[in-house]
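# one predicted model, sequence on top.
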Amino acid sequence: MTVDSDDGVRMAGLVVPAAPEAGPRPPTFVVVHGFTGSITRPSFRRLAGWLCRFGEVRGHDARGHGRSGGRSTVGGDPEVRDVNAAVAAARADGARAVATLGMSLGGGVVLRQQKDPAAPHRGRSPSSSSLASSGRASRRGRRRDLHRGRWYIRDTPPMRRVHWLLEAPLGRRVVAPLFRLRLDDPWVVPPESPLAVVGRITPTPLLLVHGDRDTYFPLEHLRALVRAAGPTTTAWVVPGFGHAESGATAPLVERIGRWVSATIGP
């Protein structure tokens, strides 16, 4: 399938039908991959195959990634509009209960999308839910800025490599194309961080999932989000789980599927 964002960017997507055991009226999962990811990656296909036991699975290459058009703003407002378009497309195709599931950078996007004024699910709670896996409280910044909602986090070696890719001329011009990644200009004004919006997601059910072996974002990111989150938030620290879709396992994805089925129902 394809999905068109409201600014004219066409995104390449896929739909994995719900398996028979999902039941007669299962939820629809809109899955948003992490930075440099793609719906063509084996890790994404595995996740979709496990998750379709609980409902239809939809995904798209984020703008600037893979076969989609546009340029990546690395989790900025355009990516929020892209998730709006994906959810609207699912609703137009008959989805009644929609769960947005974001991985890593995608986790921050779906948190911010839940409170976007243009989000197509507004006014439909509790027939929607949001799940963020391996997410961060903010994107870039020094550790002392974490609880102020700043973006520029560089806590770990993998994140320092990500920022080299984003900021160094060699990274932007040579390395990024190797990932089929096309980058937009850096932000002039940073958008609201996930930490700033997570407390306003209530009453929509929210699940935060983080692994104790995540090498990108330490557990303090999850703890900061939990402290700021509202009363309809559930948080899991998963032993042995690494980062995003590449670290996901069948038991974890099945646990997420069961949580959605029990939380938002058919």
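Yep, that arrived.

# would you agree residue 263 is in contact with residue 204?
No. If you go by C-beta atoms under 8 Å, residue 263 and residue 204 don't touch, sitting 10.1 Å apart. The C-beta positions use only the backbone N, C-alpha and C, and glycine is treated the same way.

# what about residue 66, how many residues nearby?
21 (other C-beta atoms under 10 Å).

# what's the answer for residue 94, then?
The burial count for residue 94: 9, using other C-beta under 10 Å.

# and for the one 5 residues further on?
In terms of burial, residue 99 registers 29 neighbours under the definition other C-beta under 10 Å.

# how far away is it from residue 247?
Distance, residue 99 to residue 247, using C-beta to C-beta, to the nearest Å: 20 Å.

# go on, residue 54?
20 Å.

# so how far is residue 72 from the closest residue to residue 175 other than its chain neighbours?
Sequence neighbours aside, residue 165 is the residue nearest to residue 175 in space, at 5.5 Å (criterion: C-beta to C-beta, 6 or more residues apart in numbering). Remark: distance between residue 165 and residue 72 (C-beta to C-beta) = 11 Å.

# re the thing from before, neighbour count winner among residue 263 and residue 204?
Legend: neighbour count by other C-beta under 10 Å for residue 263 and residue 204, higher for residue 204 (23 against 18).

# mind checking the SS state of that one?
coil (DSSP: H, G, I helix; E, B strand; the rest coil).

# repeat for residue 82
Classification of residue 82 using three-state DSSP returns helix.

# hang on, isn't it packed against residue 13?
No. Residue 82 lies out of contact with residue 13 (C-beta under 8 Å); the separation is 10.1 Å.

# which residues are in contact with both of those two?
3, 60 (C-beta atoms under 8 Å, 6 or more residues apart in numbering).

# and the two? Which one has more around it.
A direct count of neighbours by other C-beta under 10 Å for residue 82 and residue 13 places residue 82 higher, at 26 against 19.

# excluding chain neighbours, what is closest to the more buried one?
Residue 82 sits nearest to residue 5 (C-beta to C-beta, 6+ apart), 4.9 Å away.

# who touches stretch 74-85?
Applying C-beta under 8 Å, 6+ apart, the external contacts of stretch 74-85 come out as 3-7, 9, 11, 30, 32, 35, 60, 62-63, 70, 72-73, 100, 105, 108-110, 112-113, 116, 118-120, 139, 166, 183-184, 187, 191.

# then that stretch to CSV, C-alphas only?
Extracted as CSV, the C-alpha positions of stretch 74-85 are listed here (Å, rounded to 0.1, in the frame of the first residue of the first chain):
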residue,chain,number,x,y,z
VAL,A,74,14.6,12.6,12.6
GLY,A,75,11.4,12.5,14.6
GLY,A,76,10.2,16.0,14.0
ASP,A,77,6.7,17.3,13.3
PRO,A,78,6.5,15.9,9.7
GLU,A,79,6.9,12.4,11.1
VAL,A,80,4.0,13.0,13.4
ARG,A,81,1.8,14.0,10.4
ASP,A,82,2.9,10.8,8.7
VAL,A,83,1.6,8.7,11.6
ASN,A,84,-1.6,10.7,11.5
ALA,A,85,-1.9,9.7,7.8
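
# quick one: mean pLDDT for it?
Averaged across stretch 74-85, pLDDT comes to 94.

# how far does stretch 55-64 sit from its chain's centre?
For stretch 55-64, the separation from the chain centroid amounts to 10 Å (computed by C-alpha atoms, centre = their mean, to the nearest Å).

# same check on stretch 194-205?
Distance of stretch 194-205 from the chain centroid (C-alpha atoms, centre = their mean) equals 14 Å.

# with stretch 157-168 instead?
20 Å.

# and stretch 257-266, by the same measure?
With C-alpha atoms, centre = their mean as the basis, stretch 257-266 stands 18 Å off its chain's centre.

# next, the buried residues of it.
Under the neighbour-count criterion of 16 or more other C-beta atoms under 10 Å, stretch 257-266 has 257, 259, 260, 261, 263, 264 buried.

# among those, which two are most distant?
257 and 264 (11.6 Å; C-beta to C-beta).
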